[in-house]
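> Let's see this in three dimensions:
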Amino acid sequence: MSSDSTWVRPTENSVEALEHGMRFVDGVELDLRLSTDGELMLWHDDLFEEKLPKNQRCPELMHSEEIAAKGVNRFDDLLASSEFTELWKSSSKTVNIELKVPHPVSKISDHTNHLASMMTKVEDSLEYLELPKRSTMIYGFSPQIAEAVKKSGVTLPNTQLSPHLRSWGKSKIKRLIGSPNFVSNSVSGLIKDRRRKGMPVVGMALHYLHGWERFIHPGAPVSLTGKGLNRLFRVSQEMGLHVWPAPLKLETIMLDAGITLISDLIDPTIHSLPNGDIRWPRPASQPLDEEWKKVLNSADVLERPDLLLEAESSLPMWHEMPDSVRKDTIISDAEKWNWSGSPESWANDLHEGRPWGCARLIGHRGSGEGH
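Numbers count the residues shown, from 1 in each chain. Coordinates of the predicted model:
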């Protein structure tokens with residue numbers, strides 16, 4: 001959020017935040033935890049921050065009513081929002097659902113069964129919506145994700161996030177303990193592993209692609225530009241690359257590289273990027289045509305807010321575009337990102353949503369992380 005912004009960010013993972021993200025960008029990411037009475041709750045942290053013993057602050061040891069009394073919404077509350085579900089069903093928007101494993105104080109050590117139970121509940125909850133096939137992604141950091149998918153039998157697209165971070169502790173400690181996992185997995189290795197497991201997306205930290213950390217891995221590094229980007233294209237093909245964080249200064253470069261951004265910058269008052277370019281927040285769900293690109297790119301800074309609103313009201317959403325235009329758009333993107341295969345394979349079943357390899361801008365926890 002910019003320092004002079006007048007926008008007030010809704011509470012992360014709340015229905016309000018998720019509705020905002022769904023409207024403003026190409027979709028949202030949300031976190032789910034399982035209460036002791038089997039309710040899926042929209043909550044990220046492993047413990048609530050209160051001056052109580054850990055076992056009294058652990059969501060997995062609390063009844064859903066106790067959790068809701070703290071202002072936390074249920075997954076069912078979100079599904080009751082027609083505004084959210086109608087956008088989800090349209091095939092233009094994407095929802096990434098992260099499944100969280102419990103803190104050790106819960107004494108729930110069988111994470112495979114825990115995750116499998118959550119997956120089953122998610123799929124059962126979504127069945128009546130009849131969502132497009134490429135509208136939903138379930139994932140988590142746990143290395144048991146693939147086994148849980150197999151055990152649960154769910155058919156929702158899924159993947160494992162990297163690097164593997166343990167499910168408790170402060171962020172700095174998590175990153176420190178996760179360092180060996182980061183060092184031992186190259187981007188090429190992650191893509192091969194996910195492809196072997198039938199996962200259509202690789203979810204990974206930005207450090208794999210940008211910054212000095214990418215040189216830690218053996219072999220030639222990948223990157224967001226130049227020869228490193230060509231190497232990334234060669235190994236990724238049409239695999240989706242979902243990456244966080246997404247600094248505003250890298251937003252255009254990442255999208256141009258075919259990367260889906262998990263962004264905390266979902267502030268509707270941000271109309272310009274640090275390089276001076278105008279910001280268009282729905283590259284996948286409401287793509288700009290050439291005419292609007294020219295208008296927006298030549299606009300004066302003061303004209304941008306009104307022009308962005310005008311473009312939003314006049315441009316069709318992805319699902320409203322003619323099939324021929326959608327097909328041409330996908331073929332153009334696929335050629336730019338050097339996908340393998342044929343145009344027919346790239347532009348197949350577009351009513352089910354954009355292929356996973358297409359770049360999207362996704363709101364982290366709805367409208368951005370709040371802490």
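
> max-length helix in the chain?
helix 111-126 (DSSP state H).

> for the record, mean pLDDT for it?
Averaged over helix 111-126, pLDDT sits at 98.

> Show me what that helix packs onto, helices and strands only.
Packing partners of helix 111-126 (3 or more C-beta pairs under 8 Å, 6 or more residues apart in numbering; DSSP states H and E): strand 27-34, strand 40-41, helix 75-79, strand 94-99, strand 136-140, helix 145-152. Bear in mind the C-beta positions are built from the backbone N, C-alpha and C, glycine included.

> State the pLDDT value of the closest residue to residue 29 other than its chain neighbours.
The shortest distance from residue 29 to any non-neighbouring residue, by C-beta to C-beta, 6 or more residues apart in numbering, is to residue 96 (4.1 Å). The score at residue 96 is 98. That number is its pLDDT.

> likewise residue 216?
So, for residue 216, pLDDT stands at 85.

> Give me the neighbour count for it.
14 (other C-beta atoms under 10 Å).

> what's the answer for residue 263, then?
27.

> Look up which residues are beta-bridged to it.
residue 363 (DSSP bridges).

> Point me to the helix or strand that includes residue 65.
Using DSSP states H and E, residue 65 falls within helix 64-68.

> Extract the C-alpha set from that helix and format it as PDB.
Extracted in PDB, the C-alpha atoms of helix 64-68 (Å, rounded to 0.1, in the frame of the first residue of the first chain):
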ATOM      1  CA  SER A  64     -15.300 -23.100  15.100                       C
ATOM      2  CA  GLU A  65     -17.600 -20.900  17.200                       C
ATOM      3  CA  GLU A  66     -14.600 -19.900  19.400                       C
ATOM      4  CA  ILE A  67     -12.600 -19.000  16.200                       C
ATOM      5  CA  ALA A  68     -15.500 -17.200  14.600                       C
END
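
> First-to-last residue distance for stretch 26-40?
Length of stretch 26-40, first residue to last, C-alpha to C-alpha, to the nearest Å: 24 Å.

> can you pull out the helices in the chain?
Under DSSP H, the chain gives helices at 15-24, 64-68, 75-79, 82-89, 111-126, 145-152, 171-184, 187-196, 226-236, 251-256, 290-297, 304-314, 323-336, 343-346.

> related to what we said a few turns ago, wait, what's in contact with the residue nearest to residue 29?
Contacts were defined as C-beta atoms under 8 Å, 6 or more residues apart in numbering; by that measure residue 96 touches 27-30, 136-139, 242, 262, 362.

> nearest to residue 15, of the residues you listed?
residue 30 (10.0 Å; C-beta to C-beta).

> Burial check on that closest one, number of neighbours?
Around residue 30 there are 24 residues (other C-beta under 10 Å).

> pretty sure it is touching residue 98, no?
Yes. Counting by C-beta atoms under 8 Å, residue 98 is a contact partner of residue 30 at 7.0 Å.

> follow-up on the earlier one: next, format the helices and strands packed on helix 111-126 as a markdown table and append distance to residue 331.
Below are the helices and strands packed on helix 111-126 laid out as a markdown table (distance: least, C-beta to C-beta, whole Å):
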| stretch | distance to residue 331 |
| --- | --- |
| strand 27-34 | 23 |
| strand 40-41 | 39 |
| helix 75-79 | 35 |
| strand 94-99 | 20 |
| strand 136-140 | 23 |
| helix 145-152 | 31 |
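
> Any idea which of those gets closest to residue 295?
strand 27-34 (25.5 Å).

> and that closest one with strand 94-99, angle?
20 degrees (axes from the mean of the first three to the mean of the last three C-alpha atoms, to 10 degrees).
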